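Novice: sequence first, predicted model second:
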Amino acid sequence: MPAVKATDLRFSYGARAVVDIENLTLDRGQSLAVIGPSGCGKTTFMHLLAGLLQPDAGRIDVLGSDITTLQGTTLDRFRGQSMGMVFQRLFLMPALSVRQNIALAQQLARKPADSARIDALLANLDITDLAEQKPRTLSQGQAQRVAIARALVHQPALVLADEPTSALDDDHAVQALALLRGAAQEVGAALVVVTHDQRVRGQLDREFEMAVLS
Amino acid sequence: MTWLRLAFANLSLSPLTTAVNVLLMALGTASIVLLVLAGVQTAQTMSRNAEGIDLVVGAPGSPVQLVLSAVYHADVPTGNIDFAEVQRYAEDRRVDSAIPVSLGDSYRGFRIVGTEQSYLDLYQAEVAQGRVWDASMEAVVGAAAAEATGLAVGSTFAGAHGLGEGGHEHDTSRYRVVGVLAPTGSVLDRLVVTSLESVWDLHDEDTHHEEHADEHDHDEAHGQEHDHEDEVHDHEDAAHEHDDADHGHEDDEHDHADDENEHANDHEHAEEHAEDEHAHSTDHADDEHGAAHHADDDGREEEHDEHEHHGDTGESAHDGHMHDGEDEGSSAAVDQQVTALLLTYRMPLAAMTLPREINADGSFLAAAPALEITRVLQLVGLGISALSAFAWVLVAVAALSIFAALYGSLRSRRGELAMLRCLGATRGELWLYLVAEGLIMSALGVTLGFVVGHVMMEMIGAWLASSRGVALTGWIWLPAETLLLVGLFVVGLLSAVIPAIQAYRTDVARTLAEA
């Protein structure tokens, strides 16, 4: 069973078609770079995969469940349990420590508290010594590692990352991508990175090019 | 639990804003709690003090003043009434019980009440030490009065003229304390209670004493006799002097001060016109009772009537003197007076007929404590309502402040809320998250407000107990407070509802796309 499969997926903002994908499949453990210029619908595509937007047509199967048919609390819970997300802006909870931020994702995924899992992730991402610090004390790179840990702590089947490297310099961009890919592979999650950053090219297993639809 | 912890953590990020909101809510809550505690307890205390008293019969004047003075001992009496004359109401078939009270003296600010033992039953009083009086000049002391004055069984003390502190003492006879009452939570706690005979005997002796002193003075000064025309003339003049002096009286202390001045003026006048000893005797009798009788500034006409009454009494005494050739006749007649008669009806119908009959007669004033106190409480209630409205404005300001803080933070927290949705939070949980923040601030403010309100009430109660004899405490929980708690909870909830709805409606995809 593929981690994610999009079939005949179409979405438009009014009369303007934004997404039109016939078929896209990604297995667990694989990584995919969705590349294209600004305004080509990359983020919209990611939101469709996350169930944050409802497509005009087509279906999206995540672990065999068509998320276009899920609604409300069921969809929210499914998203929390099956997916992990990383954004360009990290949106860490400022009132919580690094450890608490990661644990929050575990709780919202309705997974039992697993501090050993958190410790392992912290160690893997080399941020163990930051565990009790608040996000405001972290550098951008450190905060991004925390966001990656938060996206993976509940061992999702699908990890979605939206422009994770656009605010980083070359060294940090490559490093962040490698971290994300390695961590996703470790938990057996499929990784979809949506970006216009050309530095991502060649870094992941597959690439999917999107263009602005006429 | 996750959301409550998260809400607490988030509030700790902006401690100043949180503290201001909490304090605003606490201020409003404390004000309301204080007003509720004071208002309800005052009403309860007043009702408790008037329990078992359906009607008060006293000298004509203000009915509120009559009730306040005779039942609550919180005002000067309207005057004295002839005990024998008012007894006809005690014997009325519609009356179940009648308790006379005689006021006018005090000990260190605590009023001395001449009455019957059944007065103690009105308040279900129990004797904590000693016994109840059974002879003249024996007294029992209320719990608070005993504590404040140090009076105990076996103590003796001289009552002071007037109802406030500082009156001249009746040093010719001293009361002996034979009992100390257990606390009743009523006005009785602050009274010194004795028999009617004690009060009458004391004033009788004082009158004698002063008469002798006058006699002696006048014998020395003038050594001459005067005819009865002069006596009557003088007596009328004296009554007029009282009227004039009384019009300016505001309170008891003034009464007394003015009374003494008037007393001195009487002497001067007497010396100037060479009046005889009988005229002086009558002057003094009027003077003494005038101190207890002076009404406040309720109305000149009422006071005029009152003193006309005294004038009549004086003339009767004088007549007695003429026939008997003794002064005792005048003293006894004056002293067989009481301040009021406290009646309990035998039948409900009495409430409809008896007060009307008494008031129609014109010699006495009948006032129903329940009615008069309702009037007083309505007046007091206006003030409490105004203050309550102000306190609720404070609560509304606090609620608005909480609303503004939450709503204002929404803009900067949209991404955070969207991220929470991505992590698996439902719309309902985001609503709960925001409501929890509002409720935490409200709950902290309300809790603090309740604590402060109760502590302040206790402090004010302690002060009032020592200075005014009003029993108020902060260490109680009134049913009204439960309603208040629910009301404040609703206000706190309302302050958070709109921001919470905004959080509920967060468009995750758009928010993330715009971030």
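Specialist: Done, it's in.
Novice: any chance you could read off phi and psi for the spatially most central residue of chain A?
Specialist: For chain A, the residue nearest the mean C-alpha position is A:Leu160 (1.8 Å; Cα atoms, centre = their mean). Backbone torsions for A:Leu160, taken as degrees, to the nearest 10, come to phi -110, psi 130.
Novice: that one bridge partners, please.
Specialist: Listed beta-bridge partners, A:Leu160: A:Met85, A:Val192 (assigned using DSSP bridges).
Novice: what's it in contact with, if anything?
Specialist: Contacts for A:Leu160 (Cβ atoms under 8 Å, 6 or more residues apart in numbering or on different chains) come out as A:46, A:49-50, A:83-86, A:192, A:194. Bear in mind the C-beta positions are built from the backbone N, C-alpha and C, glycine included.
Novice: which one of those residues sits closest to chain B?
Specialist: A:Met85 (4.8 Å; Cβ to the nearest Cβ).
Novice: so that closest one sits against A:Val159, correct?
Specialist: Yes - A:Met85 is within contact range of A:Val159, at 7.4 Å (criterion: Cβ atoms under 8 Å).
Novice: shared neighbours of those two, which are they?
Specialist: A:Ala151.
Novice: surely B:Ser136 is within a helix?
Specialist: No - using DSSP: H, G, I helix; E, B strand; the rest coil, the assignment for B:Ser136 is coil, not a helix.
Novice: tell me, how many residues neighbour it?
Specialist: By other Cβ atoms under 10 Å in any protein chain shown, the residues close to B:Ser136 number 17.
Novice: equivalent analysis for B:Leu66, please.
Specialist: B:Leu66 has 28 neighbours, counted by other Cβ under 10 Å.
Novice: which residues touch it?
Specialist: Residues in contact with B:Leu66 (Cβ under 8 Å, 6+ apart) are B:56, B:58-59, B:77-78, B:340, B:365, B:367, B:372.
Novice: can you do 7 Å?
Specialist: Taking Cβ atoms under 7 Å, 6 or more residues apart in numbering or on different chains, we find B:Leu66 in contact with B:56, B:58, B:78, B:340, B:365, B:367.
Novice: just put these in TSV and tack on distance to chain A.
Specialist: Listed next are the contacts of B:Leu66 as TSV, based on distance: Cβ to the nearest Cβ, whole Å:
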residue	distance to chain A
B:Val56	66
B:Gly58	69
B:Thr78	68
B:Ala340	69
B:Leu365	70
B:Ala367	65
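Novice: of all the residues you listed, which comes closest to B:Trp475?
Specialist: Comparing the contacts of B:Leu66 against B:Trp475 with Cβ to Cβ places B:Val56 closest, at 32.5 Å.
Novice: need the worst-confidence member of the contacts of B:Leu66.
Specialist: Minimum pLDDT for the contacts of B:Leu66 is recorded at B:Thr78 (92).
Novice: what is the burial count for it?
Specialist: 33.
Novice: check contacts around it.
Specialist: Applying Cβ under 7 Å, 6+ apart, the residues contacting B:Thr78 are B:58-62, B:65-66, B:69, B:295, B:306, B:365.
Novice: now, which of those residues lie within strands?
Specialist: B:58, B:365 (DSSP state E).
Novice: tell me the buried residues in stretch B:445-460?
Specialist: For stretch B:445-460, the neighbour count (16 or more other Cβ atoms under 10 Å in any protein chain shown) marks B:445-450, B:452-454, B:456-458, B:460 as buried.
Novice: pLDDT and secondary structure for those - can I get that in CSV?
Specialist: Output for the buried residues of stretch B:445-460, formatted as CSV (pLDDT from 0 to 100; DSSP: H, G, I helix; E, B strand; the rest coil):
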residue, pLDDT, secondary structure
B:Gly445, 96, helix
B:Val446, 96, helix
B:Thr447, 97, helix
B:Leu448, 97, helix
B:Gly449, 97, helix
B:Phe450, 97, helix
B:Val452, 97, helix
B:Gly453, 97, helix
B:His454, 97, helix
B:Met456, 97, helix
B:Met457, 96, helix
B:Glu458, 95, helix
B:Ile460, 92, helix
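Novice: quick check: B:Ala98 touching B:Arg346?
Specialist: No - with contact defined as Cβ atoms under 7 Å, B:Ala98 does not reach B:Arg346; the gap is 10.8 Å.
Novice: so between those two, which is more surrounded?
Specialist: When neighbours are counted by other Cβ under 10 Å, B:Ala98 comes out ahead of the other of B:Ala98 and B:Arg346, with 19 against 14.
Novice: so what does the helix or strand in which B:Leu120 is found touch, helix or strand wise?
Specialist: When elements are assigned from DSSP states H and E, B:Leu120 belongs to helix B:118-122. Here helix B:118-122 touches strand B:95-107, going by 3 or more Cβ pairs under 7 Å, 6 or more residues apart in numbering or on different chains; DSSP states H and E.
Novice: strand partners (parallel or antiparallel) of the strand it packs on?
Specialist: Sheet pairing for strand B:95-107, using DSSP bridges, gives strand B:110-115 (antiparallel), strand B:160-161 (antiparallel), strand B:340-345 (antiparallel).
Novice: list the contacts of the residue in the stretch 151-300 of chain B that chain A sits nearest to.
Specialist: Going by Cβ to the nearest Cβ, chain A is nearest to B:Gly185 of the stretch 151-300 of chain B, at 50.5 Å. B:Gly185 is in contact with B:48, B:471, counting by Cβ under 7 Å, 6+ apart.
Novice: if you set the cut-off to 10 Å instead, what comes out?
Specialist: By Cβ atoms under 10 Å, 6 or more residues apart in numbering or on different chains, the contact set of B:Gly185 is B:44-45, B:48-49, B:123, B:143-144, B:471, B:473.
Novice: need the contact partners of the helix holding B:Leu120.
Specialist: So helix B:118-122 is in contact with B:49-53, B:71, B:97-101, B:113, B:115, B:125-127, B:132-133, B:140, B:142, B:179, B:181, B:184, B:186, B:188, B:191, B:193, B:196, B:342, B:344, going by Cβ under 10 Å, 6+ apart.
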